[in-house]
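sequence plus the predicted model coming up.
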Amino acid sequence: MNNKEILRTVETQLGEIKYILTYKKIKNIYIRVRRDCTVAVSAPLRVPAEKTDEFVISRCEFIFKAIKSIASAAQCRTTVTFTDGSVFFFLGEGLRLKINAGSTDHAEAGNGSLTVHTADSSPEHIQKIIEDWYRNECKKIFLKAVSEIHKSFIPYNVPLPEITIREMTSRWGSCNPYKNKMTLNSVLIKSPMSCIEYVIVHEFCHYIHQNHSKDFYSFMQKILPDWKERKNMLEEFFLIKNN
C-alpha cells in the first residue's frame, strides 16, 4: 500500500472534489493543491480511505480557495504595463486594472477589478498610485492579522511585536524575539489570506523555538494544524505566478 496512488471522488457542499490519495509512513493526513490544480492527499499507512474522504470534505473550503488562487495565477501571466487590462494580484485574486478619470488620485479593489481614479493616466503615475495602494493595504491587513494571531500566543507570554513591512528577496518573514520585532514581506499581500496567516504564525513560533527544530514544527502543528497545506499553497501560488 505504501506510495500507491488511488484516485478518489467526494461530494462536498461546494461541489465535487477528485483527489489522489497516497499512503506514506507519516503521522497525519496532509492535503496539497498542485500547480496543475490537482488535489493530492497523503495519509498514514493504516488510515481507511473513508477517513481521508471525511478529511477532504472538512477542508473543502480551503481546497476550492487554493484551486481558484492557483488557477487565477496561472491564467494571468501578462507583463505588467500599468495600463487598462493589466493584472494585479491582491489576496490571491487577479484584479484587472481599470483607469477612470478623476481629480483625486486613489485606487480601490472590487468585483474583480482594481480601479484607479486619476487625472494623469501615464504608466509612471499609475504605478505610483498602485504602489501606494499596496503599501496602505499591507499595513492595514498585516497589522490586523498580527493582532488577531497574537491572541493565540498570549498564553505563552509572547508580546505583541513591532511590525516592519518591506519587500524581501529571499524570505517571507523574519523576527527578532529579543528586540520584539517582526518583519513581513510586502509581496505577501498578493497571496491568499491563509498564506499570510501561515507566515505570521511561523514567525510567532520563533518566539518559542528560535530554530527549525523538531520542537518548532511540533509547536507549529499545535498552533496551526494545517500549516503544511498553507505553506504548499504559498509556494505553488508564487511558482505559478512567476513562471
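Noted; the coordinates are in hand. Numbering: from 1, shown residues only.

count the neighbours of the closest residue to Glu197 other than its chain neighbours for me.
Spatially, and ignoring its direct neighbours in sequence, Glu197 is nearest to Ala145 (6.0 Å; C-beta to C-beta, 6 or more residues apart in numbering). Yep, even glycine has a C-beta here, placed from its N, CA and C like the rest. Neighbours of Ala145 under the rule other C-beta atoms under 10 Å: 19.

what about Ser42, which SS state?
Classification of Ser42 using DSSP: H, G, I helix; E, B strand; the rest coil returns strand.

tell me what it is bridged to.
Thr22, Tyr30 (DSSP bridges).

that one contacts Lys25, correct?
No. Using C-beta atoms under 8 Å as the test, Ser42 is too far from Lys25 to be in contact (10.1 Å).

so where do the helices sit in the protein?
49-58, 60-75, 123-150, 193-205, 214-223, 227-241 (DSSP state H).

and the longest one, what does it pack onto?
Spelled out, it's helix 123-150. If you count contacts as 3 or more C-beta pairs under 8 Å, 6 or more residues apart in numbering; DSSP states H and E, helix 123-150 packs onto strand 93-101, strand 106-110, strand 113-118, strand 162-166, strand 181-185, helix 193-205.

who does the fifth one pair up with?
With DSSP bridges as the criterion, the sheet partners recorded for strand 181-185 are strand 162-166 (parallel), strand 173-176 (antiparallel).

from those strands, which stretch is densest packed?
Highest mean neighbour count of those: strand 173-176, a mean of 18 (counted as mean count of other C-beta atoms under 10 Å).

what is the burial count for Gly92?
Gly92 has 23 neighbours, counted by other C-beta under 10 Å.

same question, Lys144
Around Lys144 there are 10 other residues, counting by other C-beta under 10 Å.

domain ranges for the protein?
The chain is divided into the following domains under automatic domain parsing: 5-58, 72-241.

spit out the contact partners of the nearest residue to Pro177 once chain neighbours are set aside.
In space, Pro177 comes closest to Tyr207 once its chain neighbours are excluded; the distance is 4.6 Å by C-beta to C-beta, 6+ apart. By C-beta atoms under 8 Å, 6 or more residues apart in numbering, the contact set of Tyr207 is 153, 156, 158, 175, 177.
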